[in-house]
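[1] got a predicted model here, sequence first, then my questions.
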Amino acid sequence: MNSLREAADRVRHSRGRGGLLRALSGVLCISLACAAQAAPLLLWEVSGGAAPMWLFGSVHVCRADCFPLPAAVESKFRRAEVLAVEVDATRADIAGALGDVSGGGAGLREQLGNADWRRLVKQLSAMGMPEDSVDALSPAMANVFVAVAAASRAGLSPLHGIDLHFINRAQHDGKALVELETVERQMQALAAGSEREQIESLRASLKAADDGSLRASLDELVGAWRRGDANGLAEALRKAQAADPSSRAMFEELFDRRNREMTDAIAKLAREGRPAFVVIGSGHLAGREAIPALLARRGFRVRQLSSSD
(Lines give C-alpha, C1' and ligand atoms only; values in the text may rest on other atoms or scores of the structure.)
Protein backbone atom coordinates (compact mmCIF):
# COMPACT_ATOMS: atom_id res chain seq x y z
CA MET A 1 0.00 0.00 0.00
CA ASN A 2 2.82 2.46 0.84
CA SER A 3 4.46 1.65 -2.51
CA LEU A 4 1.26 2.48 -4.35
CA ARG A 5 0.91 5.78 -2.45
CA GLU A 6 4.50 6.72 -3.26
CA ALA A 7 3.95 5.91 -6.94
CA ALA A 8 0.83 8.09 -6.97
CA ASP A 9 2.85 10.94 -5.47
CA ARG A 10 5.39 10.52 -8.27
CA VAL A 11 2.58 10.88 -10.81
CA ARG A 12 1.33 14.10 -9.18
CA HIS A 13 4.75 15.70 -8.89
CA SER A 14 6.33 14.58 -12.18
CA ARG A 15 7.03 17.34 -14.71
CA GLY A 16 6.62 16.90 -18.39
CA ARG A 17 5.26 14.07 -20.45
CA GLY A 18 8.32 11.85 -20.03
CA GLY A 19 8.19 12.08 -16.25
CA LEU A 20 4.46 11.32 -16.25
CA LEU A 21 4.91 8.25 -18.43
CA ARG A 22 7.71 6.97 -16.23
CA ALA A 23 5.56 7.44 -13.13
CA LEU A 24 2.57 5.71 -14.72
CA SER A 25 4.83 2.84 -15.76
CA GLY A 26 5.92 2.49 -12.15
CA VAL A 27 2.31 2.29 -10.96
CA LEU A 28 1.53 -0.29 -13.65
CA CYS A 29 4.54 -2.43 -12.73
CA ILE A 30 3.60 -2.34 -9.05
CA SER A 31 0.00 -3.31 -9.85
CA LEU A 32 1.11 -6.18 -12.05
CA ALA A 33 3.46 -7.42 -9.35
CA CYS A 34 0.62 -7.44 -6.84
CA ALA A 35 -1.57 -9.38 -9.27
CA ALA A 36 1.21 -11.88 -9.93
CA GLN A 37 1.52 -12.58 -6.22
CA ALA A 38 -2.16 -13.61 -6.01
CA ALA A 39 -1.78 -17.01 -7.65
CA PRO A 40 -4.93 -19.11 -8.23
CA LEU A 41 -5.41 -22.16 -6.03
CA LEU A 42 -7.42 -25.34 -6.51
CA LEU A 43 -9.40 -24.13 -3.52
CA TRP A 44 -13.06 -23.16 -3.59
CA GLU A 45 -15.14 -21.41 -0.96
CA VAL A 46 -18.70 -22.76 -0.76
CA SER A 47 -21.31 -20.62 0.97
CA GLY A 48 -25.07 -20.91 1.27
CA GLY A 49 -24.99 -23.86 3.64
CA ALA A 50 -25.31 -23.82 7.42
CA ALA A 51 -21.57 -23.19 7.92
CA PRO A 52 -18.50 -22.26 5.87
CA MET A 53 -17.06 -24.94 3.60
CA TRP A 54 -13.97 -25.18 1.41
CA LEU A 55 -13.09 -27.63 -1.37
CA PHE A 56 -9.43 -28.34 -2.07
CA GLY A 57 -8.10 -30.37 -4.96
CA SER A 58 -5.75 -33.23 -4.13
CA VAL A 59 -3.17 -35.17 -6.05
CA HIS A 60 -3.09 -38.65 -4.52
CA VAL A 61 0.62 -39.02 -5.34
CA CYS A 62 3.12 -36.18 -5.18
CA ARG A 63 6.70 -35.31 -4.27
CA ALA A 64 8.21 -33.95 -1.07
CA ASP A 65 8.54 -30.56 -2.76
CA CYS A 66 4.74 -30.34 -3.04
CA PHE A 67 4.98 -29.05 0.53
CA PRO A 68 4.56 -26.73 2.28
CA LEU A 69 1.09 -25.96 0.95
CA PRO A 70 0.03 -22.34 0.42
CA ALA A 71 -0.78 -20.45 3.60
CA ALA A 72 -4.33 -19.74 2.36
CA VAL A 73 -5.01 -23.48 2.14
CA GLU A 74 -3.64 -24.23 5.59
CA SER A 75 -5.57 -21.34 7.17
CA LYS A 76 -8.90 -22.62 5.80
CA PHE A 77 -8.10 -26.12 7.07
CA ARG A 78 -7.43 -24.74 10.56
CA ARG A 79 -10.85 -23.05 10.59
CA ALA A 80 -12.66 -26.30 9.79
CA GLU A 81 -14.10 -28.66 12.38
CA VAL A 82 -14.59 -31.48 9.87
CA LEU A 83 -12.32 -32.97 7.22
CA ALA A 84 -14.10 -34.82 4.40
CA VAL A 85 -12.19 -37.07 1.99
CA GLU A 86 -13.13 -39.60 -0.66
CA VAL A 87 -11.97 -42.49 1.57
CA ASP A 88 -9.73 -42.72 4.62
CA ALA A 89 -6.66 -44.56 3.33
CA THR A 90 -5.30 -44.98 6.86
CA ARG A 91 -8.11 -47.22 8.07
CA ALA A 92 -6.86 -50.50 9.53
CA ASP A 93 -9.33 -52.48 7.41
CA ILE A 94 -8.48 -50.78 4.12
CA ALA A 95 -6.73 -53.85 2.68
CA GLY A 96 -9.78 -56.01 3.31
CA ALA A 97 -12.07 -53.30 1.93
CA LEU A 98 -10.20 -53.41 -1.39
CA GLY A 99 -11.81 -56.77 -1.92
CA ASP A 100 -10.79 -59.34 -4.49
CA VAL A 101 -8.29 -57.89 -6.97
CA SER A 102 -8.16 -61.06 -9.04
CA GLY A 103 -9.84 -61.56 -12.39
CA GLY A 104 -12.78 -63.88 -12.65
CA GLY A 105 -11.97 -65.53 -15.97
CA ALA A 106 -8.85 -66.35 -17.94
CA GLY A 107 -5.54 -65.05 -16.62
CA LEU A 108 -3.94 -61.90 -17.97
CA ARG A 109 -1.21 -63.86 -19.73
CA GLU A 110 -3.82 -65.54 -21.92
CA GLN A 111 -5.92 -62.40 -22.44
CA LEU A 112 -3.02 -60.12 -23.36
CA GLY A 113 -0.93 -62.40 -25.52
CA ASN A 114 2.79 -62.91 -25.11
CA ALA A 115 4.12 -59.50 -26.20
CA ASP A 116 1.81 -57.39 -24.00
CA TRP A 117 2.16 -59.88 -21.16
CA ARG A 118 5.94 -59.44 -21.13
CA ARG A 119 5.48 -55.66 -21.16
CA LEU A 120 3.17 -55.89 -18.14
CA VAL A 121 5.57 -58.10 -16.20
CA LYS A 122 8.40 -55.67 -16.97
CA GLN A 123 6.35 -52.69 -15.78
CA LEU A 124 5.41 -54.35 -12.49
CA SER A 125 8.75 -56.03 -11.80
CA ALA A 126 9.92 -53.04 -9.75
CA MET A 127 7.01 -53.64 -7.38
CA GLY A 128 8.30 -57.14 -6.65
CA MET A 129 5.14 -58.83 -7.84
CA PRO A 130 5.59 -62.50 -8.89
CA GLU A 131 4.33 -63.43 -12.36
CA ASP A 132 1.68 -65.74 -10.91
CA SER A 133 0.28 -62.85 -8.89
CA VAL A 134 0.30 -60.58 -11.94
CA ASP A 135 -1.49 -63.23 -13.99
CA ALA A 136 -4.26 -63.42 -11.36
CA LEU A 137 -4.99 -59.67 -11.37
CA SER A 138 -8.15 -58.31 -12.89
CA PRO A 139 -7.48 -56.04 -15.91
CA ALA A 140 -8.69 -53.02 -13.93
CA MET A 141 -6.33 -53.66 -11.02
CA ALA A 142 -3.43 -54.34 -13.37
CA ASN A 143 -4.15 -50.95 -14.96
CA VAL A 144 -3.99 -49.32 -11.52
CA PHE A 145 -0.66 -51.00 -10.74
CA VAL A 146 0.80 -49.84 -14.09
CA ALA A 147 -0.12 -46.25 -13.16
CA VAL A 148 1.34 -46.67 -9.65
CA ALA A 149 4.59 -48.05 -11.10
CA ALA A 150 4.82 -45.15 -13.56
CA ALA A 151 4.19 -42.65 -10.76
CA SER A 152 6.94 -44.24 -8.67
CA ARG A 153 9.43 -43.96 -11.54
CA ALA A 154 8.47 -40.28 -11.84
CA GLY A 155 9.32 -39.75 -8.18
CA LEU A 156 5.67 -39.50 -7.12
CA SER A 157 4.56 -41.30 -3.98
CA PRO A 158 1.25 -41.78 -2.13
CA LEU A 159 3.22 -40.98 1.04
CA HIS A 160 3.28 -37.39 -0.24
CA GLY A 161 -0.37 -37.43 -1.32
CA ILE A 162 -2.31 -34.31 -0.38
CA ASP A 163 -5.31 -36.20 1.04
CA LEU A 164 -3.02 -38.32 3.25
CA HIS A 165 -1.37 -35.11 4.51
CA PHE A 166 -4.70 -33.73 5.68
CA ILE A 167 -5.94 -37.05 7.07
CA ASN A 168 -2.84 -37.19 9.28
CA ARG A 169 -3.33 -33.55 10.28
CA ALA A 170 -7.00 -34.09 11.15
CA GLN A 171 -6.16 -37.11 13.30
CA HIS A 172 -3.44 -35.15 15.09
CA ASP A 173 -5.70 -32.11 15.63
CA GLY A 174 -8.74 -34.13 16.71
CA LYS A 175 -10.96 -33.01 13.83
CA ALA A 176 -13.89 -35.16 12.76
CA LEU A 177 -13.13 -37.24 9.64
CA VAL A 178 -15.89 -38.03 7.13
CA GLU A 179 -15.69 -40.34 4.11
CA LEU A 180 -17.72 -39.27 1.07
CA GLU A 181 -17.81 -42.77 -0.44
CA THR A 182 -16.42 -46.28 0.00
CA VAL A 183 -13.43 -48.17 -1.34
CA GLU A 184 -15.86 -50.67 -2.87
CA ARG A 185 -17.48 -47.85 -4.86
CA GLN A 186 -14.10 -46.72 -6.18
CA MET A 187 -13.20 -50.25 -7.21
CA GLN A 188 -16.56 -50.60 -8.97
CA ALA A 189 -15.85 -47.43 -10.94
CA LEU A 190 -12.38 -48.59 -11.94
CA ALA A 191 -13.84 -51.85 -13.26
CA ALA A 192 -16.50 -50.16 -15.41
CA GLY A 193 -16.86 -51.29 -19.01
CA SER A 194 -16.71 -54.69 -20.64
CA GLU A 195 -13.81 -57.08 -20.11
CA ARG A 196 -12.69 -56.42 -23.67
CA GLU A 197 -12.64 -52.66 -23.02
CA GLN A 198 -10.67 -53.19 -19.82
CA ILE A 199 -8.06 -55.29 -21.64
CA GLU A 200 -7.76 -52.70 -24.42
CA SER A 201 -7.39 -49.96 -21.81
CA LEU A 202 -4.64 -51.96 -20.11
CA ARG A 203 -2.85 -52.32 -23.47
CA ALA A 204 -3.11 -48.55 -23.97
CA SER A 205 -1.61 -47.96 -20.51
CA LEU A 206 1.26 -50.34 -21.23
CA LYS A 207 2.02 -48.52 -24.47
CA ALA A 208 1.88 -45.15 -22.69
CA ALA A 209 4.17 -46.45 -19.93
CA ASP A 210 6.67 -47.70 -22.52
CA ASP A 211 6.77 -44.55 -24.64
CA GLY A 212 6.85 -42.15 -21.69
CA SER A 213 3.49 -40.51 -22.35
CA LEU A 214 2.00 -41.89 -19.11
CA ARG A 215 4.74 -40.22 -17.09
CA ALA A 216 4.27 -37.01 -19.09
CA SER A 217 0.55 -37.10 -18.34
CA LEU A 218 1.21 -37.51 -14.61
CA ASP A 219 3.69 -34.63 -14.67
CA GLU A 220 1.14 -32.49 -16.53
CA LEU A 221 -1.53 -33.19 -13.91
CA VAL A 222 0.81 -32.39 -11.02
CA GLY A 223 1.99 -29.24 -12.81
CA ALA A 224 -1.59 -28.02 -13.30
CA TRP A 225 -2.28 -28.74 -9.63
CA ARG A 226 0.75 -26.69 -8.56
CA ARG A 227 -0.44 -23.75 -10.69
CA GLY A 228 -4.02 -23.96 -9.44
CA ASP A 229 -4.99 -24.38 -13.09
CA ALA A 230 -8.47 -25.94 -13.19
CA ASN A 231 -8.71 -25.54 -16.98
CA GLY A 232 -5.32 -27.20 -17.40
CA LEU A 233 -6.50 -30.14 -15.31
CA ALA A 234 -9.65 -30.52 -17.38
CA GLU A 235 -7.58 -30.46 -20.58
CA ALA A 236 -5.12 -33.05 -19.21
CA LEU A 237 -8.00 -35.38 -18.36
CA ARG A 238 -9.56 -34.82 -21.79
CA LYS A 239 -6.30 -35.76 -23.50
CA ALA A 240 -5.91 -38.86 -21.31
CA GLN A 241 -9.36 -40.08 -22.29
CA ALA A 242 -8.83 -39.25 -25.96
CA ALA A 243 -5.63 -41.31 -25.95
CA ASP A 244 -7.56 -44.34 -24.65
CA PRO A 245 -11.06 -44.54 -26.25
CA SER A 246 -11.67 -47.92 -24.61
CA SER A 247 -11.68 -46.20 -21.20
CA ARG A 248 -14.80 -44.13 -21.97
CA ALA A 249 -17.11 -46.13 -19.68
CA MET A 250 -14.53 -46.07 -16.91
CA PHE A 251 -14.05 -42.30 -17.17
CA GLU A 252 -17.81 -41.71 -17.10
CA GLU A 253 -18.13 -43.84 -13.97
CA LEU A 254 -14.99 -42.49 -12.27
CA PHE A 255 -15.78 -38.84 -12.87
CA ASP A 256 -19.27 -37.96 -14.13
CA ARG A 257 -21.28 -40.36 -11.99
CA ARG A 258 -19.06 -40.15 -8.90
CA ASN A 259 -19.08 -36.35 -9.17
CA ARG A 260 -22.86 -36.42 -8.83
CA GLU A 261 -22.72 -38.88 -5.94
CA MET A 262 -20.07 -36.94 -4.02
CA THR A 263 -21.96 -33.69 -4.66
CA ASP A 264 -24.92 -35.29 -2.87
CA ALA A 265 -22.69 -36.12 0.10
CA ILE A 266 -21.07 -32.67 0.17
CA ALA A 267 -24.44 -30.87 0.00
CA LYS A 268 -25.64 -32.97 2.94
CA LEU A 269 -22.48 -32.11 4.88
CA ALA A 270 -23.01 -28.41 4.13
CA ARG A 271 -26.42 -28.54 5.83
CA GLU A 272 -25.05 -30.01 9.06
CA GLY A 273 -23.72 -26.75 10.46
CA ARG A 274 -20.04 -27.51 11.07
CA PRO A 275 -17.28 -25.73 9.11
CA ALA A 276 -15.85 -28.34 6.74
CA PHE A 277 -12.71 -28.71 4.65
CA VAL A 278 -13.24 -31.15 1.77
CA VAL A 279 -10.25 -32.73 0.01
CA ILE A 280 -11.04 -34.47 -3.30
CA GLY A 281 -8.98 -35.56 -6.28
CA SER A 282 -8.36 -32.49 -8.44
CA GLY A 283 -9.96 -34.14 -11.47
CA HIS A 284 -13.33 -33.90 -9.72
CA LEU A 285 -13.04 -30.12 -9.45
CA ALA A 286 -12.32 -29.23 -13.08
CA GLY A 287 -14.84 -28.82 -15.89
CA ARG A 288 -18.55 -28.16 -16.44
CA GLU A 289 -19.68 -31.39 -14.79
CA ALA A 290 -17.26 -31.05 -11.88
CA ILE A 291 -18.32 -30.75 -8.26
CA PRO A 292 -18.03 -26.91 -7.96
CA ALA A 293 -20.29 -26.49 -10.99
CA LEU A 294 -22.77 -29.07 -9.68
CA LEU A 295 -22.90 -27.35 -6.29
CA ALA A 296 -23.53 -23.99 -7.98
CA ARG A 297 -26.48 -25.49 -9.85
CA ARG A 298 -27.93 -26.50 -6.49
CA GLY A 299 -27.91 -22.91 -5.33
CA PHE A 300 -24.63 -22.77 -3.42
CA ARG A 301 -22.30 -19.84 -4.01
CA VAL A 302 -18.96 -21.21 -5.17
CA ARG A 303 -15.85 -19.08 -5.62
CA GLN A 304 -12.32 -20.16 -6.55
CA LEU A 305 -9.79 -18.61 -4.19
CA SER A 306 -6.26 -17.36 -4.70
CA SER A 307 -3.17 -17.24 -2.52
CA SER A 308 -4.20 -13.74 -1.34
CA ASP A 309 -7.51 -14.94 0.17
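    Here it is on my side, so go on.
[2] okay, now the residue lying closest to E197 once chain neighbours are set aside: neighbour count?
    What sits nearest to E197 in space, not counting adjacent residues and going by C-beta to C-beta, 6 or more residues apart in numbering, is S246, at 4.5 Å. Heads up, the C-betas are built off the backbone N, CA and C, glycines and all. Here the number of neighbours of S246 (other C-beta atoms under 10 Å) works out to 17.
[3] just give me the longest strand of the protein.
    Ranked by residue count under DSSP state E, the longest strand found in the chain is strand 40-47.
[4] need the mean per-residue confidence for that strand.
    Regarding strand 40-47, the rounded mean pLDDT is 97.
[5] mind listing the strands it pairs with, and their directions?
    Partners of strand 40-47 in the sheet, by DSSP bridges, are strand 53-58 (antiparallel), strand 301-306 (antiparallel).
[6] buried sites along the following helix or strand past the first one?
    Which is strand 53-58. Note on strand 53-58: by DSSP states H and E, the next helix or strand toward the C-terminus is helix 71-79. For helix 71-79, burial by neighbour count (16 or more other C-beta atoms under 10 Å) applies to A72, V73, K76, F77.
[7] report pLDDT for the first one.
    Just to be clear, that refers to A72. Looking at A72, its pLDDT reads 96.
[8] same check, this time on the third one
    At K76, the predicted lDDT confidence score is 98.
[9] once you drop chain neighbours, what's closest to it?
    K76's closest residue in space is W54 (C-beta to C-beta, 6+ apart), at 4.5 Å.
[10] just checking, that neighbour touches L83?
    No: with contact defined as C-beta atoms under 8 Å, W54 does not reach L83; the gap is 10.6 Å.
[11] which of the strands paired with strand 40-47 sits closest to S217?
    Closest of the strands paired with strand 40-47 to S217 is strand 53-58, at 16.7 Å (criterion: C-beta to C-beta).
[12] so how far is the closest one off the chain centroid?
    On the basis of C-alpha atoms, centre = their mean, to the nearest Å, strand 53-58 is displaced by 10 Å from the centre of the chain it belongs to.
[13] what angle do that strand and helix 71-79 make?
    Orientation check (axes from the mean of the first three to the mean of the last three C-alpha atoms, to 10 degrees): strand 53-58 against helix 71-79 gives 130 degrees.
[14] show the average pLDDT along strand 53-58.
    Computed over strand 53-58, the mean pLDDT rounds to 98.
[15] over to stretch 144-161?
    In the prediction, stretch 144-161 has an average pLDDT of 94.
[16] equivalent analysis for stretch 175-183, please.
    Mean pLDDT, stretch 175-183: 96.
[17] how long is that stretch end to end?
    Stretch 175-183 stretches 22 Å from its first residue to its last (C-alpha to C-alpha, to the nearest Å).
[18] any buried residues in that stretch, and which?
    Neighbour-count burial for stretch 175-183 flags K175, V178, L180, V183 (criterion: 16+ other C-beta under 10 Å).
[19] list the contacts of it.
    The contact list for stretch 175-183 (C-beta atoms under 8 Å, 6 or more residues apart in numbering) reads 80-88, 94, 97-99, 167, 169-171, 258, 261-262, 265-266, 269, 274, 276, 278, 280.
[20] coming back round to it: now do the shared contacts for W54 and L83.
    By C-beta under 8 Å, 6+ apart, W54 and L83 have these common neighbours: F77, A276, F277, V278.
[21] low-confidence stretches in this structure?
    Along the chain, segments meeting pLDDT under 70 span 1-37, 95-105.
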